[in-house]
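> Got a predicted structure plus its sequence, pasted below:
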4 protein chains.
Amino acid sequence: MPTQDSLDFQKVFSQLSTQIKQLENYGEVASYIPELSKVNPKKFGIHLITSDNQHFDYGDSQEKFSIQSIAKVLSLSMAFRLEGPSLWERVGVEPSGNAFNSLSQLELEHGIPRNPFINAGALLICDVLVSHLNKPKEEFIHFVRKLVGNDTINYCERIALSEKEHGFRNAAMVNFMKSYGNIKNEVHEVLDFYFHLCSIEMSCAQLAQAMSYLSSNGINPLNNEEVVTPSRAKRINAIMQLCGFYDEAGEFSFKVGLPGKSGVGGGIVAIHPEKYTIALWSPRLNAKGNSYRGMKILEFFTTQTKSSIF
Amino acid sequence: MPTQDSLDFQKVFSQLSTQIKQLENYGEVASYIPELSKVNPKKFGIHLITSDNQHFDYGDSQEKFSIQSIAKVLSLSMAFRLEGPSLWERVGVEPSGNAFNSLSQLELEHGIPRNPFINAGALLICDVLVSHLNKPKEEFIHFVRKLVGNDTINYCERIALSEKEHGFRNAAMVNFMKSYGNIKNEVHEVLDFYFHLCSIEMSCAQLAQAMSYLSSNGINPLNNEEVVTPSRAKRINAIMQLCGFYDEAGEFSFKVGLPGKSGVGGGIVAIHPEKYTIALWSPRLNAKGNSYRGMKILEFFTTQTKSSIF
Amino acid sequence: MPTQDSLDFQKVFSQLSTQIKQLENYGEVASYIPELSKVNPKKFGIHLITSDNQHFDYGDSQEKFSIQSIAKVLSLSMAFRLEGPSLWERVGVEPSGNAFNSLSQLELEHGIPRNPFINAGALLICDVLVSHLNKPKEEFIHFVRKLVGNDTINYCERIALSEKEHGFRNAAMVNFMKSYGNIKNEVHEVLDFYFHLCSIEMSCAQLAQAMSYLSSNGINPLNNEEVVTPSRAKRINAIMQLCGFYDEAGEFSFKVGLPGKSGVGGGIVAIHPEKYTIALWSPRLNAKGNSYRGMKILEFFTTQTKSSIF
Amino acid sequence: MPTQDSLDFQKVFSQLSTQIKQLENYGEVASYIPELSKVNPKKFGIHLITSDNQHFDYGDSQEKFSIQSIAKVLSLSMAFRLEGPSLWERVGVEPSGNAFNSLSQLELEHGIPRNPFINAGALLICDVLVSHLNKPKEEFIHFVRKLVGNDTINYCERIALSEKEHGFRNAAMVNFMKSYGNIKNEVHEVLDFYFHLCSIEMSCAQLAQAMSYLSSNGINPLNNEEVVTPSRAKRINAIMQLCGFYDEAGEFSFKVGLPGKSGVGGGIVAIHPEKYTIALWSPRLNAKGNSYRGMKILEFFTTQTKSSIF
C-alpha cells in the first residue's frame, strides 16, 4: 500500500509539467568555460528516490550533465571518512557570507577556508584526498561508481581541460593556501584532481542514487555499506544546509527548507533526512549562480508536500 | 502510554546532573554592561516542552534571567506578521559570516542588514515595529505575555538603561542605516525600543513556552491562536538555523543540528519542528559569545536522543 | 625687479582664460545637501600669494564659497598646537586607501581614524578642540579670522543646519568612535562643531591668505605670529600630500605634485613650501569628489611653472 | 668653495657615529627566506650623492646587500619608458592603505593593483617588461649596470631561488591577476623575472648612484643620458612619496619628508629632487617591515639639514 508521502510525491510530479510551462526560464547558462556554454538551456530533469527505494522522475532525468560543484559533497564525504575530525583543523564549517571564489576572506582567516564547499575549501579537500590516496583520480571515481552502482560514471576530459585553461583563480587560491602551509601537496597535482572532480557527468537518476546515503544515515542503500557514520551524515547535511548555495544559502533554506548543493552545470541535489534524495537539472542560472528553475521547482515541491525540515 | 520520544527525553534528563558535573564551566559572563556581569555564573537551567505538551526540566529552570538577543525571534515574528513579505526588502535572510555587530558589511551592502538577528537587523526590525505600533513597548510586551501566558513578564529597566549608556555602537548602526534611508523613525525611539527588547527577563520554563509556536506550525499551544502562518514559522526556523548563532551558526548546526537562538545572558532556545522546544540557561559564554555549557549540553542532548533535524 | 618665478606666474595667469575656455566643465555640483546644489556651476576663481607677498588672481577670486573640508587643515593646525604630539595617539597619518566616509576601516582599526582629513579623523579633531576650548565655535572662528586678517569671515548657519539634517553618517561615525572610547565629549556637541566647521565661507583670496602659514614655515605673514612650529608646518604639508584628496591623493600628487586639500564646495588649496599658496574654486566635481577644473588647472599651472615639489 | 648644503651634510655625517651609538638597534632581520636571515644585523651603511656630484658616506657603505623591493623603482622606470602612459591602465598610483602583499584589495579592484610598489603592482610591472624585452633578465640587469656604471652588478641566484621556493603568495597574486586578464605572459616567466629582480645586490654607494637620475630630472649623471623624462622623474618621485613605504608611507612622509623606497633587506633610498640621493642600509626591520635604524637616521638627517621637501 502506498504511503501518504508517496501519494503526495506522485501528485506533485504529475503537476510538474504544468508548473514548468508556467515558469519563465530566466537566467544564463554558465559560460566561463566554453564546454559548459554548449548545453541546451531548455533541458529539465528531476529524479527522487525515497528511503524505501521508490523512484519518481520527470523530463530529462536520464540524460547526463556536468555535476560540477555537487561533486564536492562526495569528495568531502570521502575525505571525512579518511581523515576523520582532524579535517576541521584545516577547513571550517561556517557559511562564508561571500561569493564562492573570494580570496579576501581566505586572507582574513589566514588560509583556512570557511567551509568545504566554497572553492578554496573544495581545493583543500582535494589536497587531503591527494595525501590519502595513491591514485586519487582512479580511486575517487571508483568510490563514486560504487555509490551509483554504475561503472560507466566518469570524468569528462574535455571539461577538465577547459577548467584548467580558465583556472587561474583556482590556481591563485591553492598557491595562497600553500603560502599559509595549508596545502601539503604540489599545486599542479591538487588542481588537476580538482578540475577532474568538477568534470564528472551524471544523470539526475544517477545523482540522486549517488547521494542517497545522506538520506539513509550514511548507508549506501545499494549494498548496505556504510559510506559515512550516521553522525557524519547528519553533519554533512548540516554543512549543506548552511553552505551549499554560497551566498544564497539563506534564500534556499528560507524557501526550500532542505539541505542541498548546487553546481554551475544547473544541477541541484537536496536531501530530506530519512525520507528522500532529490536531484534536478535545468541549465539556466540565476544571478547567484544557482539553477533558476531548479530552485523554483524545489520550492514548489517542498511547499506542496510540506516536506521542509523546518 | 509514554511515547518512545518521551522515554528518551526522560532518560537524558536523568543523566544531566552527571553530565554537568563532568563538564568544566569555561568562559566568562558577559560584562559589557555592569548589570549582566552580576549574575551567578554557576546557574544552570533547562526546560523542554513537547508538541503534545509534556514538560521536562532540570536545575534553575524557574529562575528569570535576561534573555537578551533571544527576544529578536519574537520581534521578528511580530514584524513578519505586521509587515508581511515586504519586510525582506529591508533586511536579508543570509548568514553574515561576520561578528554580530560589524558595520563593515552594512557598508558593503548599502545599509541593508544581512539578517534579522545581527544587531543591525534587529534594530531594523525595531524600526518596522515602531512604524506599525502606537505604543511599541506596551504592545510588544503584551504580545510576549500572551505567548507565555503570564502577565508578569516584563522589561528590566535597569538593564535597558545600562544598555543605553553603553549603546554607542548600536547608535552608530541606526544612524548609519538612516543615512541609507533604511530607518524610517527617529534614531532615539528605535534605540529605546531595542534596548528594552534586549532587557526582557524570563525563566527557561517561560522562554520554552514563549517560543513553542515555532515547533507547532506557528500556533500558540496555550490558546490555539496563530502567531504566524505555518509557512512563516518554517521560515523563521530556517533563519534561526542559518543565522541564530552569529559566526558560530555552522558550528551549532554541525554539532547540535537544530534551529536555535542564543543571547549574551547565557540563554539558548532550540526548536525541533513539530516535536519540541527547549530552553537552556548557563551564563558563562564561549569565545563567540554563546553559552559554553548550553551548547555542550544541547549537543549531548541531540546526540543522545538522535533528534537533530539532519 | 620681478623674480623669475613671478614672471612665470604672470605668464601662466595670462594664459588661464584660454586654458579654461578649452577645458570642458565636466562633473556635477555637490548635491548631498540642498544648500550646496544651488551654486552657479560656471564659477571659477584662483588666487596665488607668494612667500614675498605678491598676489596673482583671476576670475571669481573675490567671491565667497563654502570651503567645506578645506577647513579641516585649519582645525588640524589648531588641534596640533593645543594638544601636541599626543594627538597622534588618537588619529593616524596614513592615507586611507578608501572613500572619505568609510566606516569599515574604522572598524578594522578599532576606532582610530587613519588620518585627520577623512571624515572620521576630522570629527576626532573636532572632539579634541571641544575638549580644549571653552567656546569652540567662537574661538575657532576667531583663529580663522586672524589668519585671514578679516573679521567678517563666518560660518554659514543655513549650511551648518543643512549638514546636520543630512548628517546621519557622520553621527554614525562619532557614535562608533565613542563606542571605542576615542570620543571624549558629547556626540551632539562634536557634531555641531563639525557641521559649523564645514560651513565656513571664504573667497579664493581669503583662503590663500588663511593658509599662507603653511608655505611660510608656520608663520602667519600678516602679523608674523607663529601659527604652528616650522617642523609642524612641514608635517601638516606631508599629511596633505598623502591624504588631502581622499582616494585621489595619488593622482593629485602624480599630476600636480604639491601638498593640497580639496572640499566638496569645489575649492582646492595647494602649498609650495617656502614659495607660494594657491587657492582655486570651480564647483563641478569629478567622480572622486574633487573639483574637476580645479585639478586640471592646477596640473597645467605646476607643469608650466615646473613647480611640483618632486 | 663648498656650498651651505655641503657644509651641512658634512656636519651631519660627522655626527652619525654618535647618533647611531645612542640608538637602540631594535627589530628583526627579515627571515621569510633563509638567505636573508643570515645577514649580520649590526651592519650600517649610508651614502649620499649631491646633484653636483659630491659624495658623503659612512660605515658599511661599500658592502653589497640585497636591495629587494628598492629594485621596483628601477623596473617601474624602465617599464614607464617602454610602455608610456598606457601603463596606468593596468596599475594605479594610489596608496594602498594595506599591507604590501594583500590580495583582498586586488579582489575589490578587479585585478588592478593599487600602485607599482605593492607586490601585485611590481609583479604587473614585471609582466609589462617581459612583454617588451626579448631577454628580460639580461636586458634589465644591463639597464641597472649602466645606471651604476658598474658591470659587476648582478642578481644573486641563491636568493632568487630561495624567493621562488617561498613564493607561493606571489604565485597566487600573478594567477589572480591573470584570472582578470591583467597578466599577459606565462605565470612562471613573470615570477622568475620578479624573483630575480628582488635578488639584485648593491652597496649603498652603488644604490645611491643607480637612483641619482631621480634627483637629476631623469638624467643619468654618469653619462648624461635621459633615463626618463623630467616629468616622469617627478611622477616616479610622487609615487614613491605616497606608496614607497607600504602602510608606513604616511609615517615616513611625516617624519622624513622625502620620497623614498625601502626593501626587506634593510635598505632605504630617498630622493631630494634636484638636491641629492641618499641610500642607507641597516638590516633590522621595524614592525612594518622597514629598516628600523634607517628610518631613524633619515629622520635625524632631514631634521638637522632642514631638507624635507615639505
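The structure has been received and is ready for your questions. Numbering: from 1, shown residues only, chains lettered A, B, ... in the order given.
> quick one: secondary structure of the most centrally placed residue in chain A?
Centroid-nearest residue in chain A, with Cα atoms, centre = their mean: residue A:70, separated by 1.8 Å. Secondary structure, DSSP: H, G, I helix; E, B strand; the rest coil: residue A:70 is helix.
> State whether it and residue A:267 are indeed in contact, as I suppose.
Yes - at 5.4 Å, residue A:70 and residue A:267 qualify as touching, with contact defined as Cβ atoms under 8 Å. In short, each C-beta sits where N, CA and C put it, glycine included.
> between the two, what contacts are shared?
Counting by Cβ atoms under 8 Å, 6 or more residues apart in numbering or on different chains, the contacts common to residue A:70 and residue A:267 are residue A:207.
> Only C-alpha atoms, please: export stretch A:117-124 in PDB.
Extracted C-alpha coordinates of stretch A:117-124, given in PDB (Å, rounded to 0.1, in the frame of the first residue of the first chain):
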ATOM      1  CA  PHE A 117      32.000  24.000  -0.400                       C
ATOM      2  CA  ILE A 118      33.500  27.300  -1.400                       C
ATOM      3  CA  ASN A 119      36.200  26.800  -4.000                       C
ATOM      4  CA  ALA A 120      39.000  27.300  -1.600                       C
ATOM      5  CA  GLY A 121      37.600  24.700   0.800                       C
ATOM      6  CA  ALA A 122      36.900  22.200  -2.000                       C
ATOM      7  CA  LEU A 123      40.500  22.600  -3.200                       C
ATOM      8  CA  LEU A 124      41.700  21.900   0.400                       C
END
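> ok, residues contacting that stretch?
Contacts of stretch A:117-124 with the rest of the structure, by Cβ under 8 Å, 6+ apart, involve A:69, A:72-73, A:75-76, A:90-92, A:96, A:98, A:100-103, A:106, A:113-116, A:169-170, A:173-174, A:176-177, A:182-183, A:190-191, A:194, A:197, A:239-240, A:243-244, A:246, A:261.
> Sitting in strands, which of those residues do you find?
When these are checked against strands (DSSP state E), the matches are residue A:261.
> Now residue A:298. Nearest residue, chain neighbours left out?
The shortest distance from residue A:298 to any non-neighbouring residue, by Cβ to Cβ, 6 or more residues apart in numbering or on different chains, is to residue A:256 (4.8 Å).
> For that neighbour, the count of nearby residues, please.
Residues near residue A:256, counting by other Cβ atoms under 10 Å in any protein chain shown, number 27.
> Now do it, the pLDDT please.
You'll see residue A:256 listed with a pLDDT of 96.
> Quick check: it vs chain D, distance?
As judged by Cβ to the nearest Cβ, to the nearest Å, residue A:256 and chain D stand 30 Å apart.
> my guess is that residue meets residue A:297, correct?
No - assessed by Cβ under 8 Å, residue A:256 is found out of contact with residue A:297, at 9.8 Å.
> re earlier: residue contacts, the residue nearest to residue A:298?
Residues near residue A:256 by Cβ under 8 Å, 6+ apart: A:270, A:295, A:298-299, A:302, A:308.
> just residue A:244 next, same as before
Residue A:244 neighbours (Cβ under 8 Å, 6+ apart): A:73, A:117, A:252, A:259-262.
> Distance of it relative to chain B?
Taking Cβ to the nearest Cβ as the measure, residue A:244 falls 11 Å from chain B.
> again, but for residue A:265
Distance of residue A:265 to chain B, computed by Cβ to the nearest Cβ: 23 Å.
> ok, now how distant is the closest residue in space to that residue that isn't next to it in sequence from residue B:77?
Residue nearest to residue A:265 in three dimensions, not counting chain neighbours: residue A:66, with 3.8 Å by Cβ to Cβ, 6+ apart. Distance, residue A:66 to residue B:77, by Cβ to Cβ, to the nearest Å: 42 Å.
> Have a look at those two and say which one is more surrounded.
residue A:66 (27 against 23).
> which residues of chain A fall in strands?
Counting by DSSP E, chain A has strands at residues A:45-50, A:55-59, A:65-66, A:201-202, A:219-220, A:225-226, A:260-262, A:267-272, A:276-281.
> Residue A:9 is nearest to which of those strands?
Nearest to residue A:9, of all these, is strand A:55-59, at 5.2 Å by Cβ to Cβ.
> quick revisit: out of the contacts of residue A:256, which is most surrounded?
residue A:270 (30 neighbours).
> That one and residue A:154, how far apart?
For residue A:270 relative to residue A:154 (Cβ to Cβ), the value is 25 Å.
> cool, residue A:211 as well?
Plainly put, residue A:211 is 18 Å away from residue A:154 if you go by Cβ to Cβ.
> what do you get for residue A:190?
Distance, residue A:190 to residue A:154, by Cβ to Cβ: 21 Å.
> Which one's more surrounded, those two?
The neighbour comparison of residue A:190 against residue A:154 (other Cβ under 10 Å) goes to residue A:190, with 28 against 15.
> Could you list the residues of the stretch 1-150 of chain A in contact with chain D?
Neighbours of chain D within the stretch 1-150 of chain A, by Cβ under 8 Å from any Cβ of the partner chain: A:102-104, A:106-108.
> change it to 7 Å
Neighbours of chain D within the stretch 1-150 of chain A, by Cβ under 7 Å from any Cβ of the partner chain: A:102-104, A:107.
> Need the residues you listed in JSON lines (columns: distance to chain B, neighbour count and pLDDT).
Below are the residues of the stretch 1-150 of chain A next to chain D laid out as JSON lines (distance: Cβ to the nearest Cβ, whole Å; neighbours: other Cβ atoms under 10 Å in any protein chain shown; pLDDT from 0 to 100):
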{"residue": "A:102", "distance to chain B": "10", "neighbour count": "23", "pLDDT": "78"}
{"residue": "A:103", "distance to chain B": "14", "neighbour count": "23", "pLDDT": "82"}
{"residue": "A:104", "distance to chain B": "11", "neighbour count": "16", "pLDDT": "83"}
{"residue": "A:107", "distance to chain B": "14", "neighbour count": "22", "pLDDT": "86"}
